[in-house]
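Asker: Based on what follows, work out the 3D shape:
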Amino acid sequence: MAIRKEELYKMVESLSNEDKKTAFDFMQFLIERSKNKKPKSWQEIDELESDNEPLSEEELKQLESEDGYISGEGAKREFGLQVDLP
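Answerer: As a prediction, the model looks like this:
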C-alpha cells in the first residue's frame, strides 16, 4: 500500500509536541529495523542472561492497570526533574 508523504506530514503535524517525539522515536526504530540492524544497546540486552524471577505484586498491578502508561518525559515532569519552557 503506497502512502503519500503529504499524508504522513499531515498526521505528524496534527500531533502534540510530546507525541511528535514518540513518533520520531518510532520512525527511527522502523528505519533501524528495516536495515536488519539492532542498536548496540539492544544487542547488549540480547546477550544478558534471562530473568526468571516472577513479577512482583506492584509489577502485576501495573500490567493489569487500565490507566495506560506515562512516557519518560511525562515522568520527569511529574517528579519535577524537567522544567517545561514556555
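Asker: make it CA atoms for all contacts and neighbour counts henceforth
Answerer: Will do.
Asker: Show me what the longest helix along the chain is packed against.
Answerer: In the chain, with assignment by DSSP state H, the single longest helix is helix 17-34. When contacts are defined as 3 or more Cα pairs under 8 Å, 6 or more residues apart in numbering; DSSP states H and E, helix 17-34 sits against helix 5-13.
Asker: Check which residues of the helix it packs on are buried.
Answerer: Buried positions in helix 5-13, judged by neighbour count with 16 or more other Cα atoms under 10 Å: V12.
Asker: May I have that helix as PDB, with CA atoms only?
Answerer: The C-alpha coordinates for helix 5-13 follow below in PDB (Å, rounded to 0.1, in the frame of the first residue of the first chain):
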ATOM      1  CA  LYS A   5       4.400  11.700   2.000                       C
ATOM      2  CA  GLU A   6       1.900  14.600   2.300                       C
ATOM      3  CA  GLU A   7      -0.400  12.300   4.400                       C
ATOM      4  CA  LEU A   8       2.400  11.400   6.700                       C
ATOM      5  CA  TYR A   9       3.300  15.100   7.100                       C
ATOM      6  CA  LYS A  10      -0.300  16.000   7.900                       C
ATOM      7  CA  MET A  11      -0.500  13.200  10.500                       C
ATOM      8  CA  VAL A  12       2.700  14.300  12.200                       C
ATOM      9  CA  GLU A  13       1.700  18.000  12.200                       C
END
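Asker: Contacts for that helix next, please.
Answerer: Residues outside helix 5-13 that contact it (Cα atoms under 8 Å, 6 or more residues apart in numbering) are K20, A23.
Asker: Repeat that for stretch 70-86.
Answerer: Stretch 70-86 has contacts (Cα under 8 Å, 6+ apart) with E18.
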